[in-house]
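**Q** A predicted structure for the sequence below; I have some questions about it.
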Amino acid sequence: MDYTNISKKIIELKNADLKLRDRLIQNGQLENGYNEEMEQLHTQNAEVLQTIMNKIGYPTIEKVGKEANNAAWLIIQHSISKPDFMKKSLELLEIAASTHKVNPKHLAYLTDRIAVLEGNPQSYGTQFDWNENGELSPNLYDDLAKVNQRRKSIGLNTLEEQTVLMQKQAKNEKQFPPINFEKRKQDMNQWRKKVGWIQ
């Protein structure tokens with residue numbers, strides 16, 4: 001079956017996401033919680049991708065090509081207002097990864113993203129946020145030695161090296177820690193309850 005048009009559509013969704021993100025970075029609107037316009041776009045993209053996945057299953061490299069496969073993963077990774085979609089996508093991604101049809105790093109990032117949103121320790125240390133000292137640091141993870149072992153097994157650098165890179169990137173993008181750490185934490189927990197990540 002030819003999935004050329006589907007591939008193009010998935011790439012278009014990703015491009016719209018990145019374009020909006022760039023605009024928000026330029027306007028200094030990324031550090032004040034989850035931007036409403038961005039949440040709306042992420043949700044719309046997830047709904048379109050969900051319809052596609054209902055038809056073709058997980059958009060693997062062999063079905064849609066490498067670029068659209070990467071784009072699909074990014075859309076899933078950003079669909080944080082749709083817990084059921086993210087969890088279902090993780091199941092499909094696990095199956096695709098077990099037969100080497102996707103990048104194993106995608107599985108690591110999505111596994112961690114869901115763990116963090118549910119309030120659990122991450123396995124690969126891929127998710128970062130500001131801490132109470134105003135430093136960008138990895139979200140809660142289980143054991144550093146194990147995390148680095150898992151990272152190495154899929155071709156990622158050490159968590160220590162990644163932390164330095166993430167802090168540099170945040171600086172380059174002029175991202176700053178929240179003014180009120182406790183309020184941001186409360187807002188985040190309220191949002192997680194509202195969309196169904198936590199009770």
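**A** Here it is on my side, so go on.
**Q** CA atoms for contacts and neighbours, from now on please.
**A** OK.
**Q** and the longest helix for the chain?
**A** Determined from DSSP state H, the single longest helix within the chain is helix 4-26.
**Q** From the chain's centroid, how far away is that one?
**A** Centroid separation between helix 4-26 and its chain, computed with C-alpha atoms, centre = their mean, to the nearest Å, is 14 Å.
**Q** Packing partners of it?
**A** Helix 4-26 sits against helix 36-56, helix 61-64, helix 66-77, with contacts defined as 3 or more C-alpha pairs under 8 Å, 6 or more residues apart in numbering; DSSP states H and E.
**Q** Kindly recompute the last result at 7 Å.
**A** Helix 4-26 sits against helix 66-77, with contacts defined as 3 or more C-alpha pairs under 7 Å, 6 or more residues apart in numbering; DSSP states H and E.
**Q** ok, residues contacting the helix it packs on?
**A** S7, I10, I11, K14, N45, A46, P59, T60, I61, M86, H106, L110 (C-alpha atoms under 7 Å, 6 or more residues apart in numbering).
**Q** For the first one, which residues are in contact?
**A** Shown in contact with S7 (C-alpha under 7 Å, 6+ apart): V64, A68.
**Q** And the most centrally placed residue in the chain, how close does it get to K87?
**A** Centroid-nearest residue in the chain: Q77, 3.1 Å away (criterion: C-alpha atoms, centre = their mean). Q77 is 11 Å from K87, where distance means C-alpha to C-alpha, to the nearest Å.
**Q** What about the contacts of helix 66-77, which one has the most neighbours?
**A** Ranked by the number of neighbours (other C-alpha atoms under 10 Å), the contacts of helix 66-77 place P59 first, at 28 neighbours.
**Q** The residue nearest to that one when sequence neighbours are not counted - how many residues pack around it?
**A** Closest residue to P59 apart from its sequence neighbours, by C-alpha to C-alpha, 6 or more residues apart in numbering: N69 at 5.7 Å. Neighbours of N69 under the rule other C-alpha under 10 Å: 23.
**Q** Tell me how far N69 lies from L156.
**A** 19 Å.
**Q** domains of this protein?
**A** The chain breaks down by automatic domain parsing into domains covering 1-106, 116-199.
**Q** could I get these as JSON lines with mean pLDDT?
**A** Listed next are these as JSON lines, based on pLDDT from 0 to 100:
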{"stretch": "domain 1-106", "mean pLDDT": "94"}
{"stretch": "domain 116-199", "mean pLDDT": "94"}
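**Q** Next, the contact list for H42, please.
**A** Contacts of H42 (C-alpha under 7 Å, 6+ apart): H78, S79.
**Q** Pull up the gap between I76 and Q44, please.
**A** Distance from I76 to Q44, by C-alpha to C-alpha: 11 Å.
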